[in-house]
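A.B. asks: sequence first, predicted model second:
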Amino acid sequence: MSKSFKPFVITAFLVVLLDQLSKLWIRSTLPIGETRPILENWIVLTHSKNAGAAWGMMSGQRWLLILVSIGVGAFILFMAREFAREAKGRVLALSALGLIFGGAVGNLIDRIAFGVVTDFFDLQTSVQYLRTFPIFNIADSALTIGVILLMLHFLLHREVEAPVTTKNNASDSL
C-alpha cells in the first residue's frame with residue numbers, strides 16, 4: 001500500500017470499526033424502540049431498525065440496497081486509487097472517500113448480517129427541522145460528512161481550464 005493511500009484505508013477502517021462496535025453495543029444494551037438520553041434537549045439514543053435507505057426510502061429492497069452499496073463501494077475504491085496516484089493535496093479527498101466507503105461498508109455489513117440497519121442517534125431538539133431528521137448511526141454520519149468534505153475538496157481544488165489557443169496561419173489572417 002502506498003503512503004498516499006493510507007488516509008483512505010485508515011479512515012475507512014476506523015469508521016467501520018466504530019460503527020460496528022457502536023451498533024453491537026446498542027443491540028446488546030438497548031431493546032428496540034427504547035430511548036436513553038445523551039444530551040438533554042438535543043439527542044437521545046433510540047434503538048431502531050431500518051429496512052431501507054435514508055428516511056426509509058426503498059424499504060424492504062434489501063438485495064437492491066446491497067447491490068447498490070457494493071457498486072458504490074467499488075466506485076469509491078476506484079476514485080480513491082486515482083486520487084492516491086496524484087497524491088499532492090489529496091489527503092482531504094482520500095479521507096472523505098474513506099468516510100464514504102467506511103459508512104457504506106458499515107451499513108452493508110448490517111444489511112447482509114441482519115437484513116436491516118441498526119440506527120440509534122435520534123435528534124430530540126426544539127429545532128423543528130432537526131426533529132424530522134431520521135434516526136441514524138455512525139456509518140450514516142460518516143457518509144454525510146464524507147460527501148460534504150469531498151465537495152469542499154472539489155471547491156478548493158478546482159482545476160482551471162487553459163484557454164483554447166489556435167495557431168495563427170496565413171489562411172486565418174486573410
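C.D. replies: In hand now; what should we look at?
A.B. asks: show me the shaky parts of the protein.
C.D. replies: Of all residues in the chain, those with pLDDT under 70 make up the ranges 1, 55-58, 87-89, 128-132, 159-174.
A.B. asks: can you show me the helices along it?
C.D. replies: Chain-ordered helices for the chain, with DSSP state H as the definition, fall at 6-29, 62-86, 91-114, 128-131, 138-156.
A.B. asks: tell me which of those helices sits most buried.
C.D. replies: helix 91-114 (a mean of 23; mean count of other C-beta atoms under 10 Å). For glycine as for every other residue, the C-beta is placed from the backbone atoms N, C-alpha and C.
A.B. asks: picking up where we left off before, I'd like to know which of the helices of the chain lies nearest to residue 42.
C.D. replies: Nearest to residue 42 among the helices of the chain is helix 128-131 (8.9 Å), distances taken as C-beta to C-beta.
A.B. asks: what residue is smack in the middle of this structure?
C.D. replies: Nearest to the mean C-alpha position of the chain, counting by C-alpha atoms, centre = their mean, stands residue 143 at 1.5 Å.
A.B. asks: dump the residue contacts of that residue.
C.D. replies: If a contact means C-beta atoms under 8 Å, 6 or more residues apart in numbering, then residue 143 has 99, 100, 103, 104 as its contacts.
A.B. asks: thinking again about what came up before, distance to residue 43 for the helices of the chain - can I get that in TSV?
C.D. replies: TSV is the format used below for those (distance: least, C-beta to C-beta, whole Å):
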stretch	distance to residue 43
helix 6-29	14
helix 62-86	26
helix 91-114	19
helix 128-131	9
helix 138-156	12
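A.B. asks: and these: which comes nearest residue 35?
C.D. replies: In terms of C-beta to C-beta, the element of those nearest to residue 35 is helix 6-29, at 11.6 Å.
A.B. asks: and that closest one, what does it pack onto?
C.D. replies: Counting by 3 or more C-beta pairs under 8 Å, 6 or more residues apart in numbering; DSSP states H and E, the packing neighbours recorded for helix 6-29 are strand 43-50, helix 62-86, helix 91-114, strand 117-123, helix 138-156.
A.B. asks: for residue 34, which of the ones you listed is the nearest?
C.D. replies: For the helices and strands packed on helix 6-29, distance to residue 34 was read as C-beta to C-beta. The smallest value, 5.8 Å, belongs to strand 43-50.
A.B. asks: what residues sit buried inside the closest one?
C.D. replies: Of the residues in strand 43-50, those scored as buried under the neighbour-count criterion (16 or more other C-beta atoms under 10 Å) are 44, 45, 46, 47, 48, 50.
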